[in-house]
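Colleague: here's a sequence, model it:
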Amino acid sequence: MKSSIKTVRLEISGMTCEQCARSVEKILSGVEGVIEKSVSYPEGGGEVRFDSNRLSPEDLKSAIDASGHYKVMKVIGPASPAMPSTASSGSYEFDLIIIGGGSAAFSAASTAGELGKKTLMINGDLPIGGTCVNVGCVPSKYLIRAAEAAYRTEHSPFRGLTLSKPRIRFSEIIAEKADLVASLREKKYLSVAAQIPGLTLEKGMARLRDARHVEANGTVRSARKIIIATGAGTFVPPVKGLPESGYLSNRSLFELKEKPESLTILGAGYIGLEIAQAFRRLGSRVRIIEFTDRPLRSQTPDISAEIRKHLEAEGVLFFPNHRLEEIEKQGKTRILKGVNRSNGKAFEWTEEGHIVLATGLAPNTEGIGLEEAGVKRNERGFIEVDAGMRSSADGIYAAGDCINTPAFVYTAAKEGKIAALNALGNGTEKIDYSALPWVVFTDPQVAGAGMDEQEAEKSGIPYDVSVLPLSEVPRALAARDTRGFIKLIRDKSNDRLIGARIVAAEGGELAMQASLAIKYNIPVQELADSFFPYLTLSEGIKLAAITFKKDISTLSCCAS
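Modeller: Below you'll find the predicted structure:
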């Protein structure tokens, strides 16, 4: 019997932001007979699976057009392609199909090319390059550096300098950001893809039909192995009135053409803090609402207190332990209502500018056929994998932000490589995050590698801690910037470094040094005895190592 389940692609006009895409999905949810829908603002449309016995593509178009805000410009389909009869013969069109087009996907494709394999990459959400180059690392760090340059123009720790207030042309900053993103997308992704042997790129929303078949653009393709690298978007908290009031996320915030007068940021993790400081330095008023008791809740309280102190000194307002319950829109103004969880008192604030979500990640794993293929997800929707990136379905692997691992572009790339090696090779590769270096690009930066003292305690490791204030680092003294500290955690039983946490201007430059010491089991005493160039920030690692046994304040500059 011929299936009544059809798929169409709709090209939709009138969408201006990510929230518009969610609004269109909400409209489609109310149409009887719609089975699944996936709408993307950057793609200007989406795919809908529906029961053709209950409605037609024209019914979908009419429902969207009736909103008065959005209009279906083109309907492509319907299609209900038959499955190629490759499973029984053992012959497949491709060695590997990759769903996604970001860092994990490209790393996997490059690895497959090196192995001489035939690969299909299907990308259907963000443009090629994924989150990092388009709406994540590149635009955010560019904006952070631009904001830092503006701030330094007006602020200096040196008494002998006369400074002046910068003239900020926000639209030019955003235009230059767009040029940078486009350039890197072309240079680091599209040009790279053209040089990968055996790789075919296709634009479209992909869906698993089973563990060997993927459907996209009305066609089903087969592969020996499949890698899912669909990334993640921003988690939208269940706040009453939030969708209707409108909000920004990393996908839309960096597209603003005019500098916002004010921002209310929901969430005080690393994304929220980076955004807050950058926009504050560019002249916006910034307030952060955080549900938990402190910013950077994943770190120890001393880290949270230190970075909060410095951001507050620049005018960022923090409201920890506040639960936002409702947003009411009155013209261009939004009324924010909620409860201070510390004392149970209600609050009601106004926001004339924008609300920004920095509330964590939501994996892009809905509507891609995971259930049909037997791929398990955890309670938050992330694909469950083992250390070799294998999912619960034989032959299907996953990598990047769609799995519940540290969400960095370099971890995604490593995961993509391991997934490809295991899918196409001997299957013995494993991921190891025990010495992972990471950086939060605030100023001062927060950086680390390995365990902190709380994690060491939970692991039953006999540890001790050395904390060196930046006021004891000659480089910081010469730069007139002694904000922060360097903290080392060692295993007392063998003097091995097991962790480091750094709060310092450009402190991220020390993260890899600490990571290598952890990975290769370098004793802390060896760090203390090694040569470090004088008047470098890296010397702080040596001084912190010495601090385990000596009071550094009683030693001369170059003593060990």
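Colleague: quick check: closest non-adjacent residue to the residue positioned nearest the centre of the chain.
Modeller: The chain has A407 as the residue nearest its centroid, 5.5 Å off, counting by CA atoms, centre = their mean. In space, A407 comes closest to D401 once its chain neighbours are excluded; the distance is 5.0 Å by CB to CB, 6 or more residues apart in numbering. (Each C-beta comes from the backbone N, C-alpha and C, glycine too.)
Colleague: for the one you found, the count of nearby residues, please.
Modeller: 31 (other CB atoms under 10 Å).
Colleague: what of L263?
Modeller: Neighbours of L263 using other CB under 10 Å come to 22.
Colleague: what lies in contact with the helix or strand where it lies?
Modeller: Assessed by DSSP states H and E, L263 sits inside strand 262-266. Strand 262-266 is contacted by residues 237, 239, 272, 275-276, 279, 284-289, 324, 336, 349, 351-359 when judged by CB atoms under 8 Å, 6 or more residues apart in numbering.
Colleague: go with 6 Å
Modeller: 272, 276, 279, 284-289, 351-359 (CB atoms under 6 Å, 6 or more residues apart in numbering).
Colleague: out of these, which are inside helices?
Modeller: In helices, defined here by DSSP state H, the members of the contacts of strand 262-266 are G272, A276, F279.
Colleague: correct me if wrong: the first one contacts L357.
Modeller: No: with contact taken as CB atoms under 6 Å, G272 and L357 are classed as non-touching, separated by 9.0 Å.
Colleague: which stretches of the chain aren't confidently modelled?
Modeller: Applying pLDDT under 70 to the chain flags residues 1-3, 42, 78-90, 558-560.
Colleague: cutoff 80 now
Modeller: 1-4, 16-19, 41-43, 77-90, 556-560 (pLDDT under 80).
Colleague: could you break it into its assigned domains?
Modeller: Domain assignment for the chain, taken from automatic domain parsing, gives 5-79, 94-233+363-424, 242-359, 437-554.
Colleague: those into TSV, with extra columns for distance to I431?
Modeller: Formatted as TSV, these follow (distance: least, CB to CB, whole Å):
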stretch	distance to I431
domain 5-79	29
domain 94-233+363-424	5
domain 242-359	19
domain 437-554	13
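Colleague: buried set for stretch 113-130?
Modeller: For stretch 113-130, a neighbour-count test (16 or more other CB atoms under 10 Å) marks 113, 115, 117-130 as buried.
Colleague: which one of these is nearest H310?
Modeller: G130 (31.4 Å; CB to CB).
Colleague: just checking, the closest one touches G231?
Modeller: Yes: if you go by CB under 6 Å, G130 and G231 touch, sitting 5.5 Å apart.
Colleague: overlap in contacts of those two?
Modeller: G102.
Colleague: packing partners for the host helix or strand of S183?
Modeller: Under the criterion of DSSP H and E, S183 resides in helix 170-185. On a contact count with 3 or more CB pairs under 6 Å, 6 or more residues apart in numbering; DSSP states H and E, helix 170-185 meets helix 137-154.
Colleague: and Q277, what does it touch?
Modeller: L311, T442.
Colleague: that one and S171, how far apart?
Modeller: Q277 sits at a distance of 21 Å from S171 (criterion: CB to CB, to the nearest Å).
Colleague: distance to G374 and neighbour count for the ones in helices among the contacts of strand 262-266 - can I get that in TSV?
Modeller: Shown next, in TSV, are the ones in helices among the contacts of strand 262-266 (distance: CB to CB, whole Å; neighbours: other CB atoms under 10 Å):
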residue	distance to G374	neighbour count
G272	36	24
A276	42	28
F279	44	27
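Colleague: list just the nearest of those to Y534.
Modeller: A276 (35.4 Å).
Colleague: the closest one against S284, yeah?
Modeller: No: using CB under 6 Å, A276 makes no contact with S284, being 9.2 Å away.
Colleague: and the angle from the helix holding S183 to helix 137-154?
Modeller: Here the directions of helix 170-185 and helix 137-154 differ by 140 degrees (axes from the mean of the first three to the mean of the last three CA atoms, to 10 degrees).
Colleague: helices along the stretch 1-150 of the chain, start to end?
Modeller: Under the criterion DSSP state H, counting those that start in this stretch, helices of the stretch 1-150 of the chain are mapped to 18-29, 57-65, 103-114, 130-135, 137-154.
Colleague: re earlier: just the buried residues of stretch 113-130: which are in strands?
Modeller: The strands, defined by DSSP state E, take in T119, L120, M121, I122, N123 from the buried residues of stretch 113-130.
Colleague: contacting residues for the first one?
Modeller: Applying CB under 6 Å, 6+ apart to T119 gives the contacts L96, A109, A112, G198, L199.
Colleague: what do you get if the cut-off is 8 Å, keeping everything else the same?
Modeller: By CB under 8 Å, 6+ apart, the contact set of T119 is F94, D95, L96, I97, I98, A109, A112, G113, I196, G198, L199, T200.
Colleague: cool, V446 as well?
Modeller: Contacts of V446 (CB under 8 Å, 6+ apart): Y270, L296, Q299, I303, I307, V439, V440, R501, I502, V503, G507.
Colleague: whichever of the contacts of strand 262-266 end up buried, select them in PyMOL.
Modeller: Per 16+ other CB under 10 Å, the buried members of the contacts of strand 262-266 correspond to this PyMOL selection:
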select buried, resi 272+276+279+284+285+286+287+288+289+351+353+354+355+356+357+358+359
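Colleague: quick check: A146 touching A175?
Modeller: No: in this structure A146 lies outside contact range of A175 using CB atoms under 8 Å: 11.7 Å.
Colleague: the two: which is more packed in?
Modeller: Between A146 and A175, A146 has the larger neighbour count (other CB under 10 Å), namely 20 against 12.
Colleague: just give the closest residue to the more buried one, not the sequence neighbours.
Modeller: A146 sits nearest to I173 (CB to CB, 6+ apart), 5.2 Å away.
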